[in-house]
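**Student:** would you be able to build a 3D model of this:
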Amino acid sequence: MTELSELRDYVMEHRWDPAGVHCPVCDQLAKVYYRHIAAGQARNLIALYRQRVMQPDDGWMNVNNLPSTGREEGKMICWGLVEQDERGWWRITDKGAMFVLRIITVERTAHLYDGACLGHSEGEPWSIRDALGKRFDYDELMRNE
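**Tutor:** Okay, the predicted model is just below:
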């Protein structure tokens, strides 16, 4: 009989396979997902930055007030760009503000597994302009209205 620890080790080893692995105990797919900051997330990061500028003492925002409906703000925690409070509200971090202001770049690809960030692919810098792509105009989004 196979030990549970051996099965766990098998899943952890094979979760990096491109197709993932089905757990031999529960048949759930175990897979590491490779994600980058997409245009909608970058747009919401700029909205969180604007909120911080308007309310520098607080900056917390209910994400339901953000323009995107994708609700993927949580993935930006993997880069340290946002944080969440106990109410489920979000705000941009200092690092996130520096990313928005084009002072820093981040690693392009994050490795996500079971809701946790396992790390990043090295050597692929990703800027706010890269994330916005052609879908959104950085200068227009940053313009004071």
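**Student:** any idea how far residue 133 lies from residue 43?
**Tutor:** With the distance defined as CB to CB, to the nearest Å, residue 133 ends up 11 Å from residue 43. All C-beta atoms are positioned from the backbone trio N, CA, C, and that covers glycine.
**Student:** neighbour count for the two, which is higher?
**Tutor:** residue 43 (20 against 10; other CB atoms under 10 Å).
**Student:** quick one, longest helix in this protein?
**Tutor:** Scanning the chain for the helix with the most residues, using DSSP state H, yields helix 39-54.
**Student:** what are the buried residues along the helix or strand just after it?
**Tutor:** Using DSSP states H and E, the helix or strand that directly follows helix 39-54 along the chain is strand 82-84. For strand 82-84, burial by neighbour count (16 or more other CB atoms under 10 Å) applies to 82, 83.
**Student:** which helices and strands does strand 82-84 pack with?
**Tutor:** For strand 82-84, the elements it packs on are strand 90-92, judged by 3 or more CB pairs under 8 Å, 6 or more residues apart in numbering; DSSP states H and E.
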